[in-house]
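Chemist: Test case, fold it:
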Amino acid sequence: MELLLQFLSNTGFALASYGNFVMLVIGSLFVYLAIAKQYEPLLLLPIGFGVLIGNIPFFKGFGLGIYEANSVLHYLYFGVTSGVYPSIVFLGLGAMTDFSSLLARPKLMLLGAAAQTGIWATLLSAMAFGFMPKEAASIAIIGGADGPTSIFLTAKLAPHLIGPIAIAAYSYMALIPIIQPPIMRLLTSRQERLIRMPDPREVSKKELMVFPVVALFLCCFLAPASIPLLGPFFFGNIMKESGVVDRLANTARTAVIDTATIFLGLTVGASTQADVFLTKESIGIFMLGAVAFSIATASGVIFAKIMNLFMKEKINPLLGAAGVSAVPGSAREVHLVGLKEDPTNFLLMHAMACNSSGVIGSAVCAGILWSFMM
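Modeler: Model (predicted):
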């Protein structure tokens, strides 16, 4: 009987706390949204299941938890805390990215830059709410709507906040269809939403191959701390565009990025143990993350409207919302909002130009913040 009671006392049922059940509900919700609603399933399913794994109660010191040395999850989590997984994800993103739309209309790059306003506005807001500068910088990068970049910078500046910041960043990326359309409609008139973009010019192969090299120099000389993200990103892109290493490019944009995404999502989810995640700081991070994402979306739209004041050939202001680096979710949402106004107005390729510049912009901002805060 004594052995039976000892066994029962070590089960998850006996060790469970109220916080564990709260997190299990949150994890189950993520899994449901990924499967039933198909909200960014490649992100929410691994993260949601990771939340479930990380919040099964266990007795300490047995090498089970993600924060316990020598546990399997702890070793897998090293890819997050070291920045390895985000760099691998950027490699795959580069191998998937087509810069032809951006090169055809370089002025759209300004919209990607304008959308990064959300990062700097949130940095000041987070510091005003009492977060330390390094914590505030990690929270601010949520405004870039780039999960890997958020994780990378947080791992360098505020590792204790990786769980809340990663969950906030990926949650808002998954909620793009809910968050961005109201902001786009609020800040634009129907006449503006009906603006048609001209067909982009044809971009030569030489331009596509030269761009990643030139962009690497410009961005990384400006912010050398962005090398771990933009280096693999542009390398992946030149592999794709060169056409001489198709096997490598195909592996980078399929098996490599998929593997990194699996372990990144699973371990980030598992890091949200109730005793670590359910804090006042987490609530503040989610609130500031929503503000950051909203400001970033609005900044891009407003800047597009300002550009139209000085241009003969007008830009559809909806494209500004794609300046955040949530690829390809925000570009797709811009396209869908435009189609609701005019079913023959196709904005997707133009929005992808803003989207890809947003990826570069958020990585540069992360490099700048890292260099200033260290």
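Chemist: phi, psi of Ala255?
Modeler: Phi and psi for Ala255, reported as degrees, to the nearest 10, are phi -60, psi -40.
Chemist: any idea how far Thr261 is from it?
Modeler: The gap separating Ala255 from Thr261 is 11 Å, by CB to CB, to the nearest Å. Using the backbone N, CA and C atoms, a C-beta is placed for each residue, glycine as well.
Chemist: Between the two, point out the one with more neighbours.
Modeler: The neighbour comparison of Ala255 against Thr261 (other CB atoms under 10 Å) goes to Thr261, with 19 against 11.
Chemist: Now do the contacts for that one.
Modeler: If a contact means CB atoms under 8 Å, 6 or more residues apart in numbering, then Thr261 has 42-43, 46, 89 as its contacts.
Chemist: Quick check: ChimeraX command selecting the buried ones in the residues you listed.
Modeler: Here is the ChimeraX command that selects the buried residues among these (16 or more other CB atoms under 10 Å):
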select :43,46,89
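Chemist: Please flag which of the contacts of Thr261 sit within helices.
Modeler: Using DSSP state H, the members of those that fall in helices are 42-43, 46, 89.
Chemist: Take those residues and write them to TSV, including distance to Ser362.
Modeler: Formatted as TSV, the ones in helices among the contacts of Thr261 follow (distance: CB to CB, whole Å):
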residue	distance to Ser362
Leu42	19
Leu43	16
Pro46	22
Val89	13
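Chemist: farthest pair in those?
Modeler: Pro46 and Val89 (12.5 Å; CB to CB).
Chemist: any shared contact partners between those two?
Modeler: Joint contacts of Pro46 and Val89 (CB under 8 Å, 6+ apart) are 261, 264.
Chemist: For the longest helix along the chain, what is the distance to the chain centroid?
Modeler: In the chain, with assignment by DSSP H, the single longest helix is helix 280-308. Distance, stretch centre to chain centre, for helix 280-308: 14 Å (CA atoms, centre = their mean, to the nearest Å).
Chemist: Show me what counts as buried in it.
Modeler: Residues 281-282, 284-286, 288-305, 307-308 are the ones in helix 280-308 that count as buried (16+ other CB under 10 Å).
Chemist: Distance-wise, check the residue sitting nearest the centre point of the chain relative to Ala296.
Modeler: The centre of the chain sits closest to Asp146, judged by CA atoms, centre = their mean, with a distance of 2.0 Å. To Ala296, Asp146 is 10 Å away according to CB to CB.
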